[in-house]
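**Q** fold the following for me, if possible:
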Amino acid sequence: MAYRTFCIPGVFFIFSAFVLMFITSISLPYLTGVDFVRVHFNGGGAGAGSGTGSAVSQLRFGIWAYCFNEIPSGNRVCSPSGHAYSVSILSPTQNNTNVIIGPSWTRGLAIHPVATGVIFIALLLSFSTHITVTLIASLVAFLAALLTLIAFACDIALYAYVKHQVGKLPGVSESTITGPGFWLTFVSFLLLLLAGCTVCFGRRRDRMAGATSYSTTKRPFWSRFRR
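**A** Numbering: from 1, shown residues only. The predicted model follows:
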């Protein structure tokens, strides 16, 4: 009973992590509010990957695309959907000066949907009432946590690189921050750790309860010599 009591929160943690990572995996351009890095240009930046030289007020990085807000129309424009995209950001004062966020920095974002798939497998296994299958679900949850941690490391690397590169542009007043997808990934990682640990703790408590029950019913040594 104690074992199943610990498994129920584990299923809830895995399900919550799956929902968060599923939303994160859709990302830009399908969910415009879910991105990983945002660059706000105070006063306008120039030509974010479009090559038109038009000023932009904000640039967002997603898994499958990047989007930017044009000035003065405020229209949001997204790049074609694809894996491992590249972004060129031009200086507003020197049109021949630009920085490039290459595909090597955005390719790692595709780990998010991979982690989501592993979480889904862990979720299916967690519904089983068999102890062995439930323990396998715990191991799969730890594997998903590892993949989510790698995805989160890619998010951190992208954020640090974008902030460093944009800061090198002359005449740019910018503010680079993390987006919602960044923090959803981090929360999913914590939930997966909790899910794996609750199953392990439940299994350990169940075994200790069984050992205690056995020790209380065991006969004294000298009773073996009585008739």
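**Q** by contact count, what packs against the helix or strand that residue 148 is a member of?
**A** Under the criterion of DSSP states H and E, residue 148 resides in helix 131-167. Contacts defined by 3 or more Cβ pairs under 8 Å, 6 or more residues apart in numbering; DSSP states H and E place helix 131-167 against helix 2-26, strand 37-48, strand 98-101, helix 103-106, helix 111-126, strand 174-178, helix 180-217. For every residue, glycine as well, the C-beta is placed using N, CA and C.
**Q** now the angle from it to strand 174-178?
**A** Between the axes of helix 131-167 and strand 174-178, defined by axes from the mean of the first three to the mean of the last three Cα atoms, to 10 degrees, the angle is 180 degrees.
**Q** returning to what we had before: between the helices and strands packed on helix 131-167, which gets nearest to residue 62?
**A** Closest to residue 62 of the helices and strands packed on helix 131-167 is helix 180-217 (Cβ to Cβ; 7.2 Å).
**Q** state the mean pLDDT of that closest one.
**A** Mean per-residue pLDDT for helix 180-217: 71.
**Q** tell me which residues touch residue 98, please.
**A** Residues counted as contacts of residue 98 (Cβ atoms under 8 Å, 6 or more residues apart in numbering) are 47, 88-91, 169.
**Q** pLDDT score for it?
**A** Model confidence at residue 98, expressed as pLDDT, equals 82.
**Q** for the residue nearest to the spatial centre of the chain, give its distance to residue 11.
**A** Central residue of the chain (Cα atoms, centre = their mean): residue 185, 2.3 Å from the mean position. Counting by Cβ to Cβ, to the nearest Å, the gap from residue 185 to residue 11 is 21 Å.
**Q** and for residue 141?
**A** Distance from residue 141 to residue 11, counting by Cβ to Cβ: 10 Å.
**Q** who has more neighbours, the two?
**A** Comparing residue 141 with residue 11 by neighbour count (other Cβ atoms under 10 Å), the higher total belongs to residue 141, at 31 against 19.
**Q** correct me, but that one touches residue 195?
**A** Yes - the pair residue 141 and residue 195 passes the contact test of Cβ atoms under 8 Å, sitting 4.7 Å apart.
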